[in-house]
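Enquirer: Any chance you could fold what I've pasted below:
(chains A and B)
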Amino acid sequence: MTKRKNPFAASWTYEPAPESTDHIQIKKKYDLFINGEFIKPQNNKYFETVNPANDEKIAEVALAESEDVNKAVKAARNAFKGWSALEPKERGKYIYRIARLIQERAREFAVIESLDGGKPIRESRDIDIPLAANHFFYYAGWADKLEYAFPNRKAKPLGVAGQIIPWNFPLLMAAWKLAPALATGNTVVLKPAETTPLTALKLAEIIRDSGIPKGVVNIITGAGKTGAEIVNHPDIDKISFTGSTAVGKYIQKAVAGTPKKITLELGGKSANIIFEDAAIDQAVNGVIDAIFFNQGHVCCAGSRLFIQESVADTVIQKLKDRMSTLIVGDPLDKNTDIGAINSKRQLKTIENYIKIGINEGGEIYQTDCKLPKKGNWCAPTLFLNLSQSHKIVQEEIFGPVLAIQTFRTIDEVVEKANNTPYGLAAGVWTQKGAKIFYLTQKLKAGVIWANTFNKFDATSPFGGYKESGFGREGGLHGLKPYVKFE
Amino acid sequence: MSRLNINKTYKLYIGGKFPRTESGRYYPVYNKKGSLIANMCLASRKDFRNAVVAARKAQGSWAGVSALNKGQILYRIAEMLEGRRDQFIEELILQGSTKKEAETEVDLSIDRLVYYAGWSDKYQQFFSTVNPVSSAHFNFTAMEPTGIVSAVAPEQQGLLGLVSVIAPVIVGGNSIVILASEGKALSAISFSEVLNSSDVPGGVVNILTGKKEELIPHIASHMDVNAMIYCGDDQNKIKSIQELASNNVKRTIIYKKSSWNDSNNESPYFIEKTLEAKTTWHPVKV
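Expert: The predicted structure is shown next:
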């Protein structure tokens, strides 16, 4: 019997093509960026940030504790009066400058993003960094046009915003949060995640170089405890958080009864639905993008796949074929499709879910790709033979693990897709226009990708329904969470 | 011989029906002179949960009613209220309002319904966007209802406060379960009769009467409620509502105002509070 030919397999092999790291500058030690300068943390404590692809230490980063948070909030408060009173046009110009400075140093940022977080250079170079610059560019232009954003109302800034961002898109999430906050006249204390602080600290250099008034942006590093200090600080007017639903709920509870406004961008378990009348090859590639983009460390990852029964066998075979061509390995290699899992802790979480999936009777398929010896790695994984009650169908894994189910009718799949406490995103694959619009109406999610998946843009609002959070980031709708009406 | 009046029995309004509370309990409402005007149903947690079930059942199809039709239904509520204007004025006076206050409150309530009826097929155009993304995609953001909204009506202005909370919520395609003013509950139940004769599908609006103290923890914590509105300024209650709301990331909306009279109390921004922005992407290249 001859071996079946994989239709997705290339007729060539790839040589290593690593991106050069010669031109990047990383200091051995990073301090806190408060009131326009880098200062040592009060207690002189530092923690390490490591490269998840080889476990090597990259740099030491200051640990902000309560006095440091206090200092940062004070700096932001002092800067607020001047910044909010600044002529909006001038405010916008500083934000434009930040956008330009990111563009100028884009390659350096992309390499550091991949070093510190493990994502493939192809993604950090083509998506994370350019999109981050675009967000600043987009919101810069809003600064002097806010009266057109909210007809019949005068929008005023809230004051000091505390912003806590995750480790999956470190620079991009910083941009999503900073740009609209600054454009609307707020000042900011921003905390990047403890495993990926470097690009935010590099951004601090850019912010300093932009000449933006001291204290308007303060960037402090630390883990959950530092985040809690920000959330509970009495002189903060706004908390904006992207991260897990569990922490989001904690934050919502913590600010209860206070005047603080909140925006929560939380977890998801997004459905990706393939109908029998879809362009199947296109859909298969879409599924790959949906679940394996950024190692599946994506809150809107299409982690639940629903395939219409009549095409299930075909789609699953093609999916396995396509998966086996994915290159897992060195994030800095330009051919890499799937990089390193962001941290040991996250790898453990994913491996635990894979175990649960097997124990609960799921049928696992993993590609036999070679994984590097050092670092955190997970082969692309899919599960078959699942029902709605399986834990890996219900809970967010945040890794390259796809849960596949089948369906017969459109009503059945709508019911199944919506049967989750989350509501962040969903995907629909069909060539029938009416079916697309029917589904986009019925699916309870903030973002619907039809015949595409995991696309982002500065002009496009992003955010969830239900337990995936509230408030929007991006576009006109992204301004609202940072203003109050007079 | 003079004729004996027929007094109205005030019940709850759940799923388009008028049941008594399943608990069999009541609380008396008195007029200024201290004589009994009505025994109101003292709704229980179970009544609230039943109302949420009814609201969930009704919400999907209500959201699917055309904008034009929703507008006409809201307008119909105004028509029905206008037709019973005198009755509502009398009932407000019975609950302690002056004649002038009562007239103003009823007239404003009618006008507010007409105001939101008109927004029905317009707010979408006001809040939606087509987003000029850099890639080859058509991308637009439209507004959708948040889902089930629970509410605690303002204690003052038993009719106008209630109407001002309900109208923007339902015109957005949500369904609502609202706890009426405790002290001025009569108008709320009479208003449910207006709703019931206005082509508002059963379950879209559900009205309970009872004690805030008892019901607020359930209203705030129910896992199948997507947003909650609290009207009042009790800081302890606000804190506890917002804490309980975090169990399912419920949106909370707090109105501290004591009067709903002037035109600041109506705008499309009230509708927006119980809407969600949904963004759809589709490739444009073939």
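
Enquirer: okay, CA-based contacts and neighbour counts for the rest of this
Expert: Will do.

Enquirer: Just give me the residue closest to the centre of chain B.
Expert: Nearest residue to the geometric centre of chain B (Cα atoms, centre = their mean): B:I166, 2.6 Å.

Enquirer: OK, contacts around that one?
Expert: B:176, B:205 (Cα atoms under 8 Å, 6 or more residues apart in numbering or on different chains).

Enquirer: what helix or strand is it on?
Expert: Counting by DSSP states H and E, the element that carries B:I166 is helix B:160-171.

Enquirer: That helix: which residues count as buried?
Expert: Going by neighbour count (16 or more other Cα atoms under 10 Å in any protein chain shown), the buried part of helix B:160-171 is B:160-171.

Enquirer: What residue in the stretch 101-250 of chain B comes nearest to chain A?
Expert: B:K239 (3.7 Å; Cα to the nearest Cα).

Enquirer: Strands of the stretch 51-200 of chain B, start to end?
Expert: B:129-130, B:137-145, B:148-152, B:175-179 (DSSP state E, counting those that start in this stretch).

Enquirer: which of those sits most buried?
Expert: Highest mean neighbour count among the strands of the stretch 51-200 of chain B (mean count of other Cα atoms under 10 Å in any protein chain shown): strand B:175-179, with a mean of 30.

Enquirer: which secondary structure elements does that strand contact?
Expert: On a contact count with 3 or more Cα pairs under 8 Å, 6 or more residues apart in numbering or on different chains; DSSP states H and E, strand B:175-179 meets helix B:45-64, strand B:148-152, helix B:160-171, strand B:205-208.

Enquirer: tilt between the longest one and strand B:137-145?
Expert: Calculated by axes from the mean of the first three to the mean of the last three Cα atoms, to 10 degrees, helix B:45-64 forms an angle of 140 degrees with strand B:137-145.

Enquirer: what packs against helix B:45-64?
Expert: Going by 3+ Cα pairs under 8 Å, 6+ apart, helix B:45-64 lies up against strand B:148-152, strand B:175-179, strand B:205-208, helix B:212-221.

Enquirer: Also the second one?
Expert: Under the contact criterion of 3+ Cα pairs under 8 Å, 6+ apart, strand B:148-152 touches helix B:45-64, strand B:175-179, helix B:212-221, strand B:227-231.

Enquirer: got those as JSON lines, with mean pLDDT columns?
Expert: Shown next, in JSON lines, are those (pLDDT from 0 to 100):
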{"stretch": "helix B:45-64", "mean pLDDT": "98"}
{"stretch": "strand B:175-179", "mean pLDDT": "98"}
{"stretch": "helix B:212-221", "mean pLDDT": "98"}
{"stretch": "strand B:227-231", "mean pLDDT": "98"}
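
Enquirer: which SS state does the residue of the stretch 101-250 of chain B closest to chain A fall under?
Expert: Three-state call for B:K239 (DSSP: H, G, I helix; E, B strand; the rest coil): helix.

Enquirer: ok, for it, nearest residue in space, not its chain neighbours?
Expert: Of all residues not flanking B:K239 in the chain, A:G257 sits nearest, at 3.7 Å (Cα to Cα, 6 or more residues apart in numbering or on different chains).

Enquirer: Am I right that that neighbour falls within a helix?
Expert: No. Looking at A:G257 with three-state DSSP, it is coil, so not inside a helix.

Enquirer: what does the stretch 51-200 of chain B have sitting close to chain A?
Expert: B:129, B:131-134, B:139-141, B:146 (Cα under 8 Å from any Cα of the partner chain).

Enquirer: and the two most separated of the residues you listed?
Expert: Farthest pair in those (Cα to Cα) is B:S134 and B:T146. Separation: 29.2 Å.

Enquirer: Show me what residue of chain A gets nearest to chain B.
Expert: Closest point on chain A to chain B, by Cα to the nearest Cα, is A:G257, at 3.7 Å.

Enquirer: Any idea how many residues pack against A:A254?
Expert: The local packing of A:A254 (other Cα atoms under 10 Å in any protein chain shown) involves 17 other residues.

Enquirer: That one against A:N232, yeah?
Expert: Yes. Here A:A254 reaches A:N232: they are 7.0 Å apart, a contact under Cα atoms under 8 Å.

Enquirer: At the geometric centre of chain A, which residue sits there?
Expert: A:F169 (4.2 Å).

Enquirer: Quick check: it vs B:N7, distance?
Expert: Per Cα to Cα, to the nearest Å, A:F169 is found 66 Å from B:N7.

Enquirer: Tell me who's in contact with the residue nearest to the centre of chain A.
Expert: A:D128.

Enquirer: give me that answer again for 6 Å
Expert: By Cα atoms under 6 Å, 6 or more residues apart in numbering or on different chains, no residues touch A:F169.

Enquirer: tell me the SS of A:F33?
Expert: What three-state DSSP gives for A:F33 is strand.

Enquirer: What's opposite it in the beta bridge?
Expert: A:F33 forms beta bridges with A:F38, A:I219, as assigned by DSSP bridges.

Enquirer: Compute the distance from the centre of the strand or helix carrying A:K348 to the centre of its chain.
Expert: Here A:K348 sits within helix A:344-359, counting by DSSP H and E. How far helix A:344-359 lies from its chain's middle: 21 Å, per Cα atoms, centre = their mean, to the nearest Å.

Enquirer: Extract the CA atoms of whichever helix or strand comes after it and return them as CSV.
Expert: Using DSSP H and E, the helix or strand that follows helix A:344-359 towards the C-terminus is strand A:363-366. Taking Å, rounded to 0.1, in the frame of the first residue of the first chain, the C-alpha atoms of strand A:363-366 are listed here in CSV:
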residue,chain,number,x,y,z
GLU,A,363,-9.7,11.2,21.1
ILE,A,364,-6.5,13.1,20.8
TYR,A,365,-4.4,13.9,17.7
GLN,A,366,-1.1,15.6,17.8
